[in-house]
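[1] here are the coordinates; sequence isn't available:
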């Protein structure tokens, strides 16, 4: 159980870095092209890992599962996240993502037919309260707000909630590495198709630092984070894993201060403490 919790926390740290890179890459690449490049590289890495472990990727026999996972967890979630980061700060996007546990807990009984314990709901709700405080502190510090950007992040939360629950369901007959690799291939395909007719050369403005950011999101924030999250969910369960995504706002605030020089108030710090407490409560 401890190993599963550590994997979930590690995934949120790596995803926190993804929000920072996504914010930096917003003017460098269109969102759907960024997602295509990111997951094309990740797919190659995942395929290499499968080969090293002497495993085959059943892309055709399991295409329905992979296509569904790839659409919601790779294409929809990532593209919507990068779209939102074009108009709101990384910290704000990360804080909104704390709505993911509500989506996970909602879809868990619907898709998995699992009973979610009251303590898990209580921990999730407490974490959401902490995030509300975080958002208030962020608005007080920066005064930044975009209805379009916030809506895009909200829909990305819904997509990730569905992906997490489906990952738990399909994970009963499929290992995390195979599941992530298959989803990555189909997610890349959906992203590439979305670039047709929407991406032009004059929309690309890459710098050396931008390439480093692409490298990070293609490795640590993709392969590393997704494998850690899928494995953690398989160990502790979807319902219990849900509140841990609320650690993401804490990391994005910290990274935003250190790397993007975003400001944060004492109120935001207090919200972060409440968020962590809620995640711990749900895991007891």
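    That came in fine, so what should we check first? In this text the structure is predicted, and so the values were computed from the model without any measurement. Residues are numbered from 1 along each chain as shown.
[2] Which stretches in the stretch 51-200 of the chain count as helices?
    63-69, 77-84, 90-96, 100-107, 118-142, 147-170, 176-195 (DSSP state H, counting those that start in this stretch).
[3] any idea which of those helices is most buried?
    helix 90-96 (a mean of 29; mean count of other C-beta atoms under 10 Å). Yep, even glycine has a C-beta here, placed from its N, CA and C like the rest.
[4] for that helix, packing partners?
    Applying 3 or more C-beta pairs under 8 Å, 6 or more residues apart in numbering; DSSP states H and E, we find helix 90-96 packed against helix 2-25, helix 77-84, helix 118-142, helix 147-170, helix 248-259.
[5] So for residue 199, which of those helices sits nearest?
    Residue 199 lies closest to helix 77-84 among the helices and strands packed on helix 90-96, at 12.4 Å (C-beta to C-beta).
[6] Would you mind getting the angle between that closest one and helix 147-170?
    With axes from the mean of the first three to the mean of the last three C-alpha atoms, to 10 degrees applied, the angle from helix 77-84 to helix 147-170 works out at 170 degrees.
[7] that older thread, out of the helices and strands packed on helix 90-96, which gets nearest to residue 54?
    Nearest of the helices and strands packed on helix 90-96 (C-beta to C-beta): helix 147-170, 21.4 Å.
[8] who does that closest one touch, helix- and strand-wise?
    By 3+ C-beta pairs under 8 Å, 6+ apart, helix 147-170 packs against helix 63-69, helix 77-84, helix 90-96, helix 100-107, helix 176-195, helix 225-236, helix 238-241.
[9] one more time with 7 Å, if that's ok
    Applying 3 or more C-beta pairs under 7 Å, 6 or more residues apart in numbering; DSSP states H and E, we find helix 147-170 packed against helix 63-69, helix 77-84, helix 90-96, helix 100-107, helix 225-236, helix 238-241.
[10] where does the stretch 51-200 of the chain dip in pLDDT?
    Counting by pLDDT under 70, the stretch 51-200 of the chain shows low-confidence ranges at 135, 138-145.
[11] wait, which of the helices of the stretch 51-200 of the chain is closest to residue 32?
    helix 176-195 (4.5 Å).
[12] Quick one: mean pLDDT over the helix or strand just after the closest one.
    Sequence-wise, the next helix or strand downstream of helix 176-195 (DSSP states H and E) is helix 208-219. For helix 208-219, mean pLDDT is 94.
[13] What residues sit buried inside helix 208-219?
    Within helix 208-219, the residues scored as buried using 16 or more other C-beta atoms under 10 Å are 210, 213, 214, 216, 217, 218, 219.
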